[in-house]
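**Student:** turn this into a structure:
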Amino acid sequence: MTDVMGDDRLLKIKDEDGMMSPFEGIEKGSVLQDCRCFNDLQLDTQKCEAVLVRLLYLVGQGEKLTSAEATDVFFSVTKLFQANAPSLRRLVYLAIKELAHTAEEVIIVTNCLTKDINSNVDMYRANATRVLCKITDAQMVQAIERYLKQEIVDRNPVVASAALVSGQQLLANNKGDVVRRWVNEITQALEHQSPMVQFHALALLYQIKQHDRLAVTKLVTAMTRGGGSRSPLATVLLVRYTARMMSEDTTTPPGGQRPLFEFLEACLRHRSEIVRYEAVRAIAALPNVNANELMPAVTVCRLMLTQPQASMRYAAMRTLASIAFTAPIAVAASNSDMEVLIGDGNRSIATLAVTTLMRTGSESSLEGLLKQIGGFLADLADELKVRVVEALREVCLKYPSKHHALLNFLGNALREEGGLEFKRSIVSAYLDLMATLPGAKEMCLGHLCEFIEDCEHSQLSTQILHLLGREGPHTSAPEKYIRYIYNRLILERPPVRAAAVSALARFAGSSSTPALRRSVAVLLQQSLADSDDEVRDRAAYLYKALGLDQFTIARPGGGGVIKLVSPTANGVPKDEGKDKDVAAMTAKAEAFTSLPCPVANLEAELLRYISTGDTSTTFNVDVVPKQNIMQAAESGTASGPSGPVAPGARAGASVAGGRRAEAKLVDPAAAVMAVPQLAQLGRPFKSSPSVALTEEEVEYTVKVVKHVYPTHVVLQFDVENTLEDNQLENVTVAVDTSSASGLCDVVLLPAAVAKLGAPATAFTVITRTDGELPLGAMACTLRYTVRDVDAATGEVDDSGYEDDYQLEDLELTIGDLMVAPAEPPANFRAAWEALGGDNEVAEEFSLSHDSVATAVGEIINYLAMAPCGGSGDANPRARSHVLLMAGIFAPQYEVLLRAQVAMQPDGVALNVVVRSQDYEVSQVIAGSIA
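**Tutor:** Okay, the predicted model is just below:
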């Protein structure tokens, strides 16, 4: 370090705390001042190196240089080309690369770099090539093309690899038109003696041809049959390209002989470990892979499990774990090898071995596995603990008869040390098991009650208290849960106490016994004097709403033990007869303890109410939509998942057992509700995700959001002008409704101006026809007035001309008339039976999909219903799947759908059964899939 820097100020300084950073106290101003030494007639090489090191450190730490500062430093750095010190020259190359994007007139250094490319020093040639390709533009690339082509076939591997990597960068930055003419040189580089050059040559050749499917097929076929690649890294690339081709192949029927599969099998016997493992991963990831195809890959994994390197054992174990999700029988042959790894010193390997054995082992081996897990669970990190919990949840669903042992194990783990994510995963597992295994409900509630006695996470305590209030009153002995809830009233923080008050009040509902109601009255009365306003007000309201104030408290002799006395009428206690008002009071209290609408909907309506500034009318919670209206912010594309987010729908099991990131929810109807003319229509029943009507690269991009009302359909067109030299005015989108049903009059609301960087929104309002559903395709035309803009001054030309632009057709589908319920049924079977079979419609279809998972995803996207019970996550290699969905069809028809999806030799067979509150609705939904 001292040889490079040559500056005493940067020496490592020892103090009583240890070593200090050599860059401590560096400031931009002093470094820029020191850069003046680059202009000295007699260059001090060591001093220049030290200054460049400090400069690169500042830039690497995120220090921003102004354009003037960067330009001055850049020109000063270029003067260092006169020095021939190799270490200084390397720093000069790095400085040019870092400053090129900020400095101006960087092209002036091209001559110096070109001179280095033609030098006899290979280090100069390689580094100069990389730097020159980074700072040059598309036109300058043509001037240096001949140098790059010569370097590709150079005997020095460093120079050849530098030219090949530079070609990849040129392609990635849209400066690589000339690179596509280098195919002959790149093909010649594939025969280079250096493995590194072979690797880079194959990567560049594929990058050139990746958009030409036929060319890629020829390349991969020639490489797999010719055996010309001697580099393990190049072979790994070839395996990945082969697997990608096989995954995209739609011509091979399921179970048929896959082209190029023999190459993957041959790679399983390659001398290099990384090639063998890459082939294993490729085979395991193939769509619709069968057991015969998996067996060679599993055999290689078994051999890797016995390797001394921990990385090899972990890689093999991770691959076997992923295979076990879809083909546990194929992995079962490796159980004996995985059992040995339970005691592996690497806990990640041991965790993967245990969780995989749970999926592949028999029911009789579960108890032994639980004992082994208990021995090292406390030593695992929370991330690994979550994986174990996810595996236990799946096993409990797979073997319901073993739920006692598994739930006891989870209960013990819940009371052990662990972070929030670990505890939350166990609570979520209990919730899933309660919904799936009704017989385990009381056992789950018992474990959760024990957990909240010593829970340090308020959000988990609140969640469990809500669950106790919802499920506890309907158990065989509801009074045993009251003690746990009451303990939270006297021991916890205000948010938990408030949740405990609401939960406790539910035990005094219409289904409660008089004795239980009296007990709840005593406990709630103590919360009337709570120190927290929320707890006190909630207790007072519920105490009055449930009619618990009819009970009085008497103290014998003015003190002693509290004695509850019921009011009497003619000597008979009122609560011993049937109280007709209890049901009404319970319903009133239920309306307080549970919101009548989703929280996200309530928030959106409150924000809109506040933004209007009109507080003359009282906010009415009854107008808030009961169905889910919010959407995830990142799902507003045509290719992404359509439909609103169903908060009650739980994600399926994941390999890593992690939790999905919570997406930010946005109101898709915010724009249309902000327009006074359209706000009079109220909130739309359904606002569909945004759909693009143009390509991304065109001059004017248009996206549309469809808003469906009971009497209208409003189309929100978001127009973006990507041209700097013109602006659009009076922008409208005309639609032709002649090919669609249920639509008549059209009114256009234009956008005033659409200029660069300022998207505009135009609306098209279409009146619906009574008695018909708005379905069908509509031709759309963008119409506008164009005015030229001076790019330098921003001045707009007074003259303009009218023009139009044809957009892609817009289609209204069944999904635009369907919304997801705020809370999908927790018990789908009970909801299915409650809806009845009077309006049931069954249909059979044959779909042209290559997998069950793809078909399930398309059905969900098309119908925009909410999957229930985790049925929306189909296994990528599943041969059959049952999909359960719930939705609300316009205007307010409850709809349930049960679909059986199965693979067939000629595609996917689909059996659909739909139930709703109206027979015609069931017919329309079932028939729309065709």
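**Student:** partners of the lengthiest strand in the chain, with directions?
**Tutor:** Looking across the chain with DSSP state E, the single longest strand is strand 776-789. Partner strands and pairing direction for strand 776-789 (DSSP bridges) are strand 726-736 (antiparallel), strand 796-806 (antiparallel), strand 810-812 (antiparallel).
**Student:** quick one: closest of these to Ala826.
**Tutor:** strand 810-812 (32.1 Å; Cβ to Cβ). To be clear about C-beta, it is placed using only N, CA and C from the backbone, and glycine gets the same treatment.
**Student:** how far is the closest one from where the chain is centred?
**Tutor:** 27 Å (Cα atoms, centre = their mean, to the nearest Å).
**Student:** tell me which residues are up against that strand.
**Tutor:** Under the contact criterion Cβ atoms under 8 Å, 6 or more residues apart in numbering, strand 810-812 has outside partners 691, 693, 704, 706, 713, 715, 735, 740, 774-778, 780.
**Student:** filter those down to the buried ones.
**Tutor:** The neighbour-count test (16 or more other Cβ atoms under 10 Å) applied to the contacts of strand 810-812 identifies 691, 693, 704, 706, 713, 715, 735, 740, 774-776, 778, 780 as buried.
**Student:** export the residues you listed to TSV and append columns for distance to Glu492 and pLDDT.
**Tutor:** Converted to TSV, the buried ones among the contacts of strand 810-812 look like this (distance: Cβ to Cβ, whole Å; pLDDT from 0 to 100):
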residue	distance to Glu492	pLDDT
Val691	48	89
Leu693	54	92
Val704	50	93
Lys706	47	92
Val713	51	93
Leu715	51	94
Val735	58	93
Ala740	58	90
Pro774	52	91
Leu775	54	90
Gly776	57	90
Met778	57	92
Cys780	58	93
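**Student:** so what's Thr761 up against?
**Tutor:** Contacts of Thr761 (Cβ under 8 Å, 6+ apart): 671, 716-719, 751.
**Student:** distance to Glu421 for those residues - can I get that in JSON lines?
**Tutor:** Output for the contacts of Thr761, formatted as JSON lines (distance: Cβ to Cβ, whole Å):
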{"residue": "Ala671", "distance to Glu421": "37"}
{"residue": "Gln716", "distance to Glu421": "39"}
{"residue": "Phe717", "distance to Glu421": "43"}
{"residue": "Asp718", "distance to Glu421": "38"}
{"residue": "Val719", "distance to Glu421": "44"}
{"residue": "Ala751", "distance to Glu421": "46"}
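**Student:** skip the chain neighbours and tell me the closest residue to Tyr484.
**Tutor:** Cys449 (4.2 Å; Cβ to Cβ, 6 or more residues apart in numbering).
**Student:** and for that neighbour, the neighbour number?
**Tutor:** Cys449 has 19 neighbouring residues, counting by other Cβ atoms under 10 Å.
**Student:** thought it was touching Tyr486?
**Tutor:** No. Using Cβ atoms under 8 Å, Cys449 and Tyr486 do not qualify as a contacting pair, with a distance of 11.5 Å.
**Student:** test my guess that Ala762 contacts Val747.
**Tutor:** No. Using Cβ under 8 Å, Ala762 makes no contact with Val747, being 11.6 Å away.
**Student:** between those two, which contacts overlap?
**Tutor:** In contact with both Ala762 and Val747: no residue, using Cβ under 8 Å, 6+ apart.
**Student:** more crowded one of these two?
**Tutor:** The residue with more neighbours, out of Ala762 and Val747, is Ala762; 24 against 12, by other Cβ under 10 Å.
**Student:** for the stretch 601-750 of the chain, just list every one of the strands.
**Tutor:** Along the stretch 601-750 of the chain, the stretches classed as strands by DSSP state E, counting those that start in this stretch are 631-632, 665-666, 686-687, 691-692, 700-708, 712-721, 726-736, 743-749.
**Student:** reformat these as JSON lines; add distance to Thr612.
**Tutor:** Formatted as JSON lines, the strands of the stretch 601-750 of the chain follow (distance: least, Cβ to Cβ, whole Å):
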{"stretch": "strand 631-632", "distance to Thr612": "22"}
{"stretch": "strand 665-666", "distance to Thr612": "19"}
{"stretch": "strand 686-687", "distance to Thr612": "19"}
{"stretch": "strand 691-692", "distance to Thr612": "29"}
{"stretch": "strand 700-708", "distance to Thr612": "19"}
{"stretch": "strand 712-721", "distance to Thr612": "19"}
{"stretch": "strand 726-736", "distance to Thr612": "26"}
{"stretch": "strand 743-749", "distance to Thr612": "19"}
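**Student:** ranking these by mean neighbour count, which comes first?
**Tutor:** Mean neighbours per residue, mean count of other Cβ atoms under 10 Å, is largest over the strands of the stretch 601-750 of the chain for strand 686-687, with a mean of 26.
**Student:** what about Ile329, how many neighbours?
**Tutor:** Neighbour count of Ile329, defined by other Cβ under 10 Å: 10.
**Student:** apart from its chain neighbours, what residue comes closest to it?
**Tutor:** Residue nearest to Ile329 in three dimensions, not counting chain neighbours: Ala291, with 6.6 Å by Cβ to Cβ, 6+ apart.
**Student:** ok, that neighbour to Asp838 distance?
**Tutor:** Distance, Ala291 to Asp838, by Cβ to Cβ, to the nearest Å: 45 Å.
**Student:** do Leu749 as well
**Tutor:** Counting by Cβ to Cβ - Leu749 and Asp838 are separated by 44 Å.
**Student:** and what of Asn39?
**Tutor:** Counting by Cβ to Cβ, the separation of Asn39 from Asp838 is 92 Å.
**Student:** quick one, domains of the chain?
**Tutor:** If you go by the TED database, the domain ranges for the chain are 455-551+584-591, 675-812, 816-928.
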